[in-house]
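Chemist: Okay, predicted coordinates and the sequence, questions at the end:
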Amino acid sequence: MTENAVEKARKAAEAAAVKLAEAEAVEAARQAQVATERAERAREYDRDLLSRWTEIAADARDSEGDATFKYDPNSMGFLEGLIRFAAAREKRRIVVQAAQNAESALEIPVSHRTVPVGDRFYSVDVAAELTRIVEGEANRRAAEFSEAFEAKRNRAIKGEVE
């Protein structure tokens, strides 16, 4: 390669490096803007959750039917009723925990927080084997609910309209 060809290649490489640096700077600025927008949507979502968490928790609890366990042999099996009761309890816990996390994320002082701290525990008074079955099914349903609940939050943060 001649000295002239090397110089041309060096200038082309320098020009390409400048273009790359400019493109990277534009992309970094775009990514920073996206991150800022997502952070603001996360704060908006958390503020909305805090304003309505009791309603959301009640809806989650009621999604399984009656808030109290009542065995009706004509409409449900015994195990299904217990599963509904346990799943509703767990769904409410998920919403309360999300509201507690929102208060923390929004840096609300402890003295001004309104979401109760600590989980309520309701024992399901059945033999150990039935308890294991009921809680396993309730955890499965609660996990589905939790995934859907988190997906809704992520869609809101991404700016996707529902």
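Modeler: Nice, I can see it.

Chemist: okay, CA-based contacts and neighbour counts for the rest of this
Modeler: Fine.

Chemist: Would you tell me which helix is longest in the protein?
Modeler: helix 3-62 (DSSP state H).

Chemist: which helices and strands sit right next to that one?
Modeler: helix 78-105, helix 128-158 (3 or more CA pairs under 8 Å, 6 or more residues apart in numbering; DSSP states H and E).

Chemist: Which among these is found nearest to Ser63?
Modeler: helix 78-105 (6.9 Å; CA to CA).

Chemist: looking only at pLDDT, what's the mean for the closest one?
Modeler: The average pLDDT for helix 78-105 rounds to 83.

Chemist: Which strands and helices lie in contact with that helix?
Modeler: Looks like helix 78-105 contacts helix 3-62, helix 128-158 (3+ CA pairs under 8 Å, 6+ apart).

Chemist: Next, the angle helix 78-105 makes with the longest one.
Modeler: Between the direction of helix 3-62 and that of helix 78-105, the angle (axes from the mean of the first three to the mean of the last three CA atoms, to 10 degrees) works out to 130 degrees.

Chemist: Now do the end-to-end distance for stretch 100-113.
Modeler: Stretch 100-113 has an end-to-end distance of 8 Å (CA to CA, to the nearest Å).

Chemist: Contacts for that stretch next, please.
Modeler: Arg43, Asp46, Arg47, Leu49, Leu50, Val115, Pro116, Val117 (CA atoms under 8 Å, 6 or more residues apart in numbering).

Chemist: number of nearby residues for the second one?
Modeler: By other CA atoms under 10 Å, 23 other residues sit near Asp46.

Chemist: Now do the closest residue in space to it that isn't next to it in sequence against Asn154, distance only.
Modeler: Spatial nearest neighbour of Asp46, chain neighbours left out: Ala102 (5.0 Å); criterion: CA to CA, 6 or more residues apart in numbering. From Ala102 over to Asn154 the distance is 14 Å, taken as CA to CA.
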